[in-house]
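Undergrad: Next input, structure requested:
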Amino acid sequence: MRKLLIPLVLILIGAFFSSAYVIEEGYRGVVLRFNKIIGLSEPGLHFKIPGMDSVKVIDAKIQTTNSSSSPNESNEQRFFNVQKKELIVDYFVQWKIIDFNRYYETVAGGNNVEDLLLARLNGRLRAEIGKLSNEDIINDSNADTTSRNSLMIRVKDALNGTTQVAVENEPIEKLVADTQKDPESTKTSLRAFGIEVIDVRIKKINFPTEVSESIYARMRAEREVIARDKRFEGVRKAEEERARATLQATKILSEAQRQSRTIRGEGDANVAKLYADAFGNDLAFFSFIRSLKAYEQSFTGNDVMVISPESEFFQYMKLKSIK
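TA: The predicted structure is shown next:
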């Protein structure tokens, strides 16, 4: 009996370990029986029927996919805005699995969910960016319906099927074919593949090198025009200030000259009055002063005058005898 007990215990232990499995936190297990989905395992210890059941562990955490993640796409995602200007957009999208059975059906069919996600996302971005100008894309206001933030919200809603019914009852192969044929279509929601987009973010927007050079050249030309206008405006204002200063200086000088002439005239009038009063009191003194001035003005330089010594011109130069 003991000989049979040991093999029986070993068989039970082997059956336990072959039927028990553990799902870690952050993951889910899709239980398959003969390759058909029969259930979903939450994190914890679970059991299955050995030989009949199998478990596919799927990551249930939020996942991030960058614009350059797809091997079928170049690292640069190029789009055209409403002015037909080419833009290079670098973005990322965060998503999670909401229907693990539907997700497994998609993956089991040989499809890459990230490729489908990027195909739909690129299609929606191409459609939305094509409606906006560069100024709208740069604008990050939440209130403006033509801003970059509003664009990302519209793209996320379109991918999740917020504005349309999620097509979940159609075969996966048909939905994948429709997505690959028309990635800009809003008919098929990504919920139909078992995933939901949480957030779409544009990290960087650049122009191609050849376009950037022309844009920078145009910007330089515009700035040069503005600088030239500013310089002309400065020269004009400087000339106006100089003209006003010159006018003010002329007015000040004219007023000063007028006042100086008035004062000088008043002084000359006072001097003339004083002379007149002084000379009027003594006519002989006046005659004497006038003769002295005549002598002063006559005997200058090398001039020669022929005048009789008896002339009255010399009356004040004659010596009179002292009696």
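Undergrad: Could you use CA atoms for every contact and neighbour count after this?
TA: OK.
Undergrad: quick one: the helix or strand that residue 216 is a member of to chain centroid distance?
TA: According to DSSP states H and E, residue 216 maps onto helix 209-281. With CA atoms, centre = their mean, to the nearest Å as the basis, helix 209-281 stands 43 Å off its chain's centre.
Undergrad: Against which helices or strands is the helix or strand following that helix packed?
TA: Remark: after helix 209-281, the chain's next helix or strand is helix 283-298, criterion DSSP H and E. On a contact count with 3 or more CA pairs under 8 Å, 6 or more residues apart in numbering; DSSP states H and E, helix 283-298 meets helix 209-281.
Undergrad: In terms of secondary structure, what does the helix it packs on contact?
TA: Contacts defined by 3+ CA pairs under 8 Å, 6+ apart place helix 209-281 against helix 283-298.
Undergrad: I'd like the distance from the helix it packs on to the chain centre, please.
TA: Here helix 283-298 shows a centroid-to-chain-centroid distance of 92 Å under the convention CA atoms, centre = their mean.
Undergrad: again with stretch 114-121
TA: Counting by CA atoms, centre = their mean, stretch 114-121 is centred 31 Å from the centre of its parent chain.
Undergrad: Show me which residues of it are buried.
TA: 115-121 (16 or more other CA atoms under 10 Å).
Undergrad: With distance to residue 204, pLDDT and secondary structure added, can I get those residues in CSV?
TA: Listed next are these as CSV, based on distance: CA to CA, whole Å; pLDDT from 0 to 100; DSSP: H, G, I helix; E, B strand; the rest coil:
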residue, distance to residue 204, pLDDT, secondary structure
115, 21, 86, helix
116, 22, 86, helix
117, 20, 87, helix
118, 17, 88, helix
119, 19, 86, helix
120, 20, 86, helix
121, 16, 88, helix
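Undergrad: Look up the closest residue to the residue most central in space within the chain, ignoring the ones flanking it.
TA: Nearest residue to the geometric centre of the chain (CA atoms, centre = their mean): residue 138, 7.7 Å. Setting aside the residues directly before and after it, residue 138 is nearest to residue 148 in space (CA to CA, 6 or more residues apart in numbering), at 6.4 Å.
Undergrad: That neighbour contacts residue 135, doesn't it?
TA: No - the criterion here is CA atoms under 8 Å, and residue 148 misses it with residue 135 at 9.4 Å.
Undergrad: More neighbours: which of those two?
TA: residue 148 (24 against 11; other CA atoms under 10 Å).
Undergrad: From residue 244, how far out is the more buried one?
TA: 52 Å (CA to CA, to the nearest Å).
Undergrad: The residue lying closest to residue 113 once chain neighbours are set aside - how many residues pack around it?
TA: Distance criterion CA to CA, 6+ apart; nearest residue to residue 113, sequence neighbours excluded, is residue 107 at 6.9 Å. Residue 107: 14 surrounding residues under other CA under 10 Å.
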